[in-house]
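Asks: fold the stuff below for me.
(one chain, ligands or ions: 1)
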Amino acid sequence: MLKGKHIILGVTGGIAAYKSATLVRLLVKAGAEVQVVMTPSAKQFVAPLTFSTLSGKPVISEFFTANTGQWNSHVDLGLWADAIIIAPATASTIGKMANGVADNMLVTTYLSAKAPVFIAPAMDLDMMAHPSTTRNLELLKSYGNHIIEPASGELASHLIGKGRMEEPENIVRVLSDFFVPKDLEGKKVMITAGPTYEKIDPVRFIGNYSTGKMGYALAEEAARRGASVTIVSGPVAVKPQSSDIRIVSVQSAREMLDAAQKEFVDSDIAIMCAAVADYAPDHYADKKIKREKDEIPVIKLVKNPDIAATLGKEKNPHQYLVGFALETDSEQSNARHKLHSKNLDMIVLNSLRDSGAGFGTDTNKVTIFTNDGSSESFDLKSKDRVAADIFDTIIKSQK
Ligand code: PMT
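Replies: Numbers count the residues shown, from 1 in each chain. As a prediction, this is how the structure comes out:
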């Protein structure tokens, strides 16, 4: 999302300025062009040479370049930018930005710019909590700026509290999320994810290897694109990064069915990514089944409901229902059969024969079939990128 974007990184005089070097490196790695603008006091913390080396551009700090007398146009700079990040933003710069005190190149550029502005405060906990900082940040928010809240932890003063600049990786994530097209704004997306556990007794269950990574990646992507997102989740260790994602936790296929049916009623898009157990024990032993000497217990299984097929029957014409097919053989014909038999609009095939695909990996390799008969195969990619391909295909096929 940051490829080719023009980013002004404003660095102000705080100890967290050392983290801004990593921030430049990550932005450049993501394909952005970065122009660093430093306040005079920032140069006390990190040498401009560090930033000019990492960004490949001379750092701007003064209105004039001393040896040539060349004027650094804050107006041109402001217009060049697709986004401005101030990281770290000290209490002093925050105060100047909030009140239009244009006494340095950075604040002057900020006042001239039309691009979105992201502010990552970093300061001691008492400065952070001071009413003037709070008021200035509120003012900046009311002007439409984005505040990247500082984290809590040990500060330069060795006191512990809120005031640590957000980590560079997270700042880059906030920025690249901002540039994702909001093509799911106003839509509700429901995703099933993870395995189901079918209880045998208080200590045992029937389950599978699903970790929820694929389903949670889909949820993150939908949230980035502006959807309101609910995951009906089996037991997993992953957690969503976006605090806007709602989680409904379930264990068994029956619980997943109940929750999915409830959530589906007002969903626009539903994606069945969970690895649902097809069978459950017909009887739950409420005490641990003991190991008897010569007797081997026999567990009788009953069929679980098919959640995707149930929603396929309940689907209204405006609703878009996506299934996954996890196959080990006859992949394409099995996927096409599931697409039609479950009344889906799309099915995403992943095969355990492809290395790097399926359970537990951070990558996946999929072929997407839509109910108009078309299909598209994708390369092995991170599950995040696969999620983006899936939503791109959904949006294309709804047009
Ligand atoms: O969670 P990860 O570790 O990241 O792994 C991701 C994944 C491999 C679990 C995921 O990519 C995937 O393939 N999910 C579907 C797994 C599966 O159960 O596939 P299936 O071919 O058995 O089922 C077909 C479809 O019917 C699926 O959409 C499934 O959710 C649904 N189904 C199946 C059985 C059932 N009783 N109810 C269902 O809704």
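
Asks: and the residue in the stretch 1-150 of the chain that the ligand sits nearest to, how many residues sit next to it?
Replies: With CB to the nearest ligand atom, the shortest gap between the stretch 1-150 of the chain and the ligand falls at M1, namely 22.7 Å. (C-beta placed from N, C-alpha, C; glycine too.) Residues near M1, counting by other CB atoms under 10 Å, number 17.

Asks: over to Y284?
Replies: 12.

Asks: tell me the secondary structure at it.
Replies: coil (DSSP: H, G, I helix; E, B strand; the rest coil).

Asks: right, and it touches Y197 too?
Replies: No. The criterion here is CB atoms under 8 Å, and Y284 misses it with Y197 at 11.7 Å.

Asks: re earlier: got a list of what the residue of the stretch 1-150 of the chain closest to the ligand touches?
Replies: M1 sits next to 30, 176-177, 179-180 when contact means CB atoms under 8 Å, 6 or more residues apart in numbering.

Asks: now restrict the residues you listed to buried residues only.
Replies: 30, 176, 180 (16 or more other CB atoms under 10 Å).

Asks: give me the element the nearest residue to S267 once chain neighbours are set aside is part of.
Replies: Nearest non-adjacent residue to S267, counting by CB to CB, 6 or more residues apart in numbering: M190, 4.3 Å away. Assessed by DSSP states H and E, M190 sits inside strand 188-193.

Asks: now do that strand: which elements does it pack against?
Replies: Here strand 188-193 touches helix 213-224, strand 228-233, helix 253-264, strand 269-272, going by 3 or more CB pairs under 8 Å, 6 or more residues apart in numbering; DSSP states H and E.

Asks: would CSV of these with mean pLDDT and distance to F205 be doable?
Replies: Below are the helices and strands packed on strand 188-193 laid out as CSV (pLDDT from 0 to 100; distance: least, CB to CB, whole Å):
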stretch, mean pLDDT, distance to F205
helix 213-224, 97, 19
strand 228-233, 98, 16
helix 253-264, 98, 12
strand 269-272, 98, 21
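
Asks: in a strand, L349, correct?
Replies: Yes. Counting by three-state DSSP, L349 falls inside a strand.

Asks: tell me the strands beside the strand holding M190, with direction?
Replies: strand 228-233 (parallel), strand 269-272 (parallel) (DSSP bridges).

Asks: what about the residue nearest to H283 when sequence neighbours are not counted, how many residues close to it?
Replies: Distances taken as CB to CB, 6+ apart place K300 nearest to H283, at 7.1 Å, with adjacent residues excluded. Residues lying near K300 (other CB under 10 Å) number 8.

Asks: thinking K300 is in contact with P281, fair?
Replies: Yes. With contact taken as CB under 8 Å, K300 and P281 are classed as touching, separated by 7.1 Å.

Asks: SS state for the closest residue to N364 other than its chain neighbours?
Replies: The spatial neighbour of N364 that comes closest, neighbours along the chain excluded (CB to CB, 6+ apart), is V386 at 4.6 Å. Under three-state DSSP, the three-state class of V386 is helix.

Asks: dump the residue contacts of V386.
Replies: 214, 217, 363-364, 366, 378.

Asks: most surrounded residue in those?
Replies: Of all these, M214 has the most neighbours under the rule other CB under 10 Å, reaching 33 neighbours.

Asks: that one reaches A193, doesn't it?
Replies: Yes. At 7.3 Å, M214 counts as touching A193 under the criterion of CB under 8 Å.
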